[in-house]
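*Asks:* Here is a sequence with its predicted model. Questions after.
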Amino acid sequence: MTAKTPDAPWHASWLASLPKTTQDEFLGNLTPAELEVYLGWWKKWARPAQRPPIGDWRIWLLLAGRGFGKTRTGAEYVRAMVGMRNARRIALVAPTASDARGVMVEGESGLLSVGPPGERPDYEPSKHLLTWSNGAIATTYSADEPDACAAHSTISPGAMNWRRGATRRLGTC
Ligand SMILES: Nc1ncnc2c1ncn2[C@@H]1O[C@H](COP(=O)(O)OP(=O)(O)O)[C@@H](O)[C@H]1O
Ligand SMILES: [Mg+2]
């Protein structure tokens, strides 16, 4: 995509505003490699509500229905933080172990699906561990094993007992 700079107005709403035939023509003119770059270009695709809040914050809650793009937003945020070396040890917390692996890691919007294939992390399911080539790591945790969180200093095991309360319905993915 050498002739096409990140400043080109190719964001998702621009593409969506085109007639379907023009969309197909535009996408059809891209090589497979260009298409992969374009479709993974999160800065262009993210809707305003999927961009990190501005300012000094510690918690970013995305409370929205299925299909909003919560999982993708989380995965893209983690990818960006790892890429900028702003995150080195990450906790990925889900209601169940199956959610952690099947949605946050291996799901269609999960960490193994976002970004260029060469920049994706290695995943060791038996260790619940993802490792990026720059040394950043992420560990998955779930309410299936609340005590495992004791090893991660930022998470309270008590906060992981979602199954006992209404928070189970919220989840994180
Ligand atoms: N801004 C976006 N532009 C294009 N596709 C998106 C965008 N946000 C999410 N998606 C895609 O929409 C689908 C649903 O997203 P997902 O994050 O799984 O939704 P949720 O977790 O809220 O149910 C996925 O294929 C994801 O890649
Ligand atoms: Mg989801």
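*Replies:* Sure thing, it's come through. Note that the structure is predicted; figures quoted are calculated from it, not measured. Numbers count the residues shown, from 1 in each chain. Ligands and ions are numbered 1, 2, ... in the order given.
*Asks:* Is the longest helix seen in the chain in proximity to ligand 1?
*Replies:* Counting by DSSP state H, the longest helix found in the chain is helix 70-83. Yes - counting by Cβ under 6 Å from any ligand atom, ligand 1 has neighbours in helix 70-83: K70, T71, R72. From N, CA and C alone the C-beta is placed, and that goes for glycine too.
*Asks:* Does the strand or helix carrying Y141 pack against any helices or strands, and if so which?
*Replies:* Assigned by DSSP states H and E, Y141 belongs to strand 137-142. Packed against strand 137-142, as judged by 3 or more Cβ pairs under 8 Å, 6 or more residues apart in numbering; DSSP states H and E, are the following elements: strand 89-94, helix 97-99, strand 129-131.
*Asks:* Past the second one, which element shows up next along the chain?
*Replies:* The one in question is helix 97-99. strand 122-124.
*Asks:* What strands line up against that next one, and which way round?
*Replies:* Using DSSP bridges, the strands paired with strand 122-124 are strand 129-131 (antiparallel).
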